[in-house]
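Chemist: Here is a sequence together with a model predicted from it:
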Amino acid sequence: MINGSTVNTFTVIIPTFNRAENLNRCLNSLEMQTYKQFEVIVCDDGSTDNTKEIVSRYQNKLNLKYFYSENWGGPARPRNLGIENASSNWIFFVDSDDCFIETKIAYFSKMDLDNYDLIYHDLYIIKNDKIINTIKSRQLKQDVYHDLLFNLNAIPTSSVLVRTDLLKKANGFSEDKALIAVEDFDLWLRLCENNNIRTKYVPKALGRYYLGDDNITTIDHKQIDRFKVLYKPYIDRANNKNTLNKIKGALNYQVGRIHALNSDISNAKAYLLKALRGGSNIIKLKAIYQLISLLKNKHK
């Protein structure tokens, strides 16, 4: 403790698989940080490219640990390996195809972190090395758990700073392969359900999210199945009709939106109308927007 405040230490955990050049960009962004007191853990999920060579370039530039494991098939197990080996009291997550802006860790090092448990921020969306948009989040309500459950995930994983002890208490990310690509949302829900989590939204773009062709797809029918698995336990134990309707409304919106992105207009409309009838106010507004977009596209 210094002047009554905890001395904060930071770990950056990077799961990766066959993304050597992207990982190089990510590690370079960490080397360029204006604040230098942090460790980096690269968790390699069985890469067969030159990932190890890329990591070796940074061994003398960063406080870096490298772990190689047989391929598991998703980021959950590599992230959990990083959590197990982190020596800090705070953890940043960043996917190997994303990166930090130069002042990101410095920004958080100056924040009074004693007041928070989980912090997240906006991200620049990058395509062909150009900023094309921004992922904007929202400040979660005091009832963080129900806000996430009823109103969708507001926490991009590559923007998160979270207390290490909370991650360990929750046993990290689920390694249920039916949750691949939604394991982050699952973790935020579990963290918030049984704990009085203090969240903080920083409305600044402090990282870069790169669009590419090798991202785990989030708009196919497998993703619909993942969302159904994610929401099922919450639907099963909903303790009143209002709660049940809002959870189902969120699920129906997720499914309807995926159908819309796949130009399956009939199914998109059916699920969005269900979301409109039973969802929270935020879900209803989102469903109306999607339905209007479907009508506009239909008449083009």
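Modeler: Arrived safely, thanks for sending.
Chemist: N252: which element?
Modeler: Using DSSP states H and E, N252 sits in helix 241-261.
Chemist: which strands and helices sit next to the helix or strand that that helix is followed by?
Modeler: For helix 241-261, the following helix or strand on the C-terminal side (DSSP H and E) is helix 265-278. Packing contacts for helix 265-278, counted by 3 or more CB pairs under 8 Å, 6 or more residues apart in numbering; DSSP states H and E, involve helix 241-261, helix 281-298. All C-beta atoms are positioned from the backbone trio N, CA, C, and that covers glycine.
Chemist: contacts for helix 265-278?
Modeler: For helix 265-278, the surrounding residues in contact (CB atoms under 8 Å, 6 or more residues apart in numbering) are 245-246, 248-250, 252-253, 255-257, 259-260, 283-284, 286-288, 290-291, 294, 298.
Chemist: Now the buried members of those residues.
Modeler: Using 16 or more other CB atoms under 10 Å as the burial test, those include 245-246, 248-250, 252-253, 255-257, 259-260, 283-284, 286-287, 290-291, 294 as buried.
Chemist: about what we covered before: with respect to the helices and strands packed on helix 265-278, which exhibits the lowest mean confidence?
Modeler: For the helices and strands packed on helix 265-278, mean pLDDT drops lowest on helix 281-298, to a mean of 92.
Chemist: For that helix, which helices and strands make contact with it?
Modeler: Using 3+ CB pairs under 8 Å, 6+ apart, the elements in contact with helix 281-298 are helix 144-151, helix 241-261, helix 265-278.
Chemist: Show me what counts as buried in the last one.
Modeler: Put plainly, it is helix 265-278. Buried positions in helix 265-278, judged by neighbour count with 16+ other CB under 10 Å: A268, K269, Y271, L272, K274, A275, L276, G278.
Chemist: farthest pair in those residues?
Modeler: A268 and G278 (16.5 Å; CB to CB).
Chemist: count of neighbours near D264?
Modeler: Using other CB atoms under 10 Å, D264 has 15 neighbouring residues.
Chemist: Check what pLDDT the closest residue to Q290 other than its chain neighbours gets.
Modeler: Nearest residue to Q290, sequence neighbours excluded (CB to CB, 6 or more residues apart in numbering): L272, at 5.3 Å. pLDDT for L272: 98.
Chemist: just D45 next, same as before
Modeler: At D45, pLDDT is 98.
Chemist: Likewise for F67?
Modeler: At F67, pLDDT is 98.
Chemist: got the contact list for it?
Modeler: Shown in contact with F67 (CB under 8 Å, 6+ apart): I41, V42, C43, D44, P78, L81, G82, N85.
Chemist: Could you list the low-confidence segments of the stretch 51-200 of the chain?
Modeler: Within the stretch 51-200 of the chain, not a single segment meets pLDDT under 70.
Chemist: how about the helices in it?
Modeler: Applying DSSP state H, counting those that start in this stretch to the stretch 51-200 of the chain gives helices spanning 51-56, 76-85, 104-109, 144-151, 164-169, 183-193.
Chemist: Output the ones you listed in a markdown table, with distance to K204 appended to each entry.
Modeler: Formatted as a markdown table, those follow (distance: least, CB to CB, whole Å):
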| stretch | distance to K204 |
| --- | --- |
| helix 51-56 | 29 |
| helix 76-85 | 24 |
| helix 104-109 | 8 |
| helix 144-151 | 20 |
| helix 164-169 | 23 |
| helix 183-193 | 20 |
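Chemist: out of those helices, nearest to Q33?
Modeler: helix 104-109 (5.0 Å).
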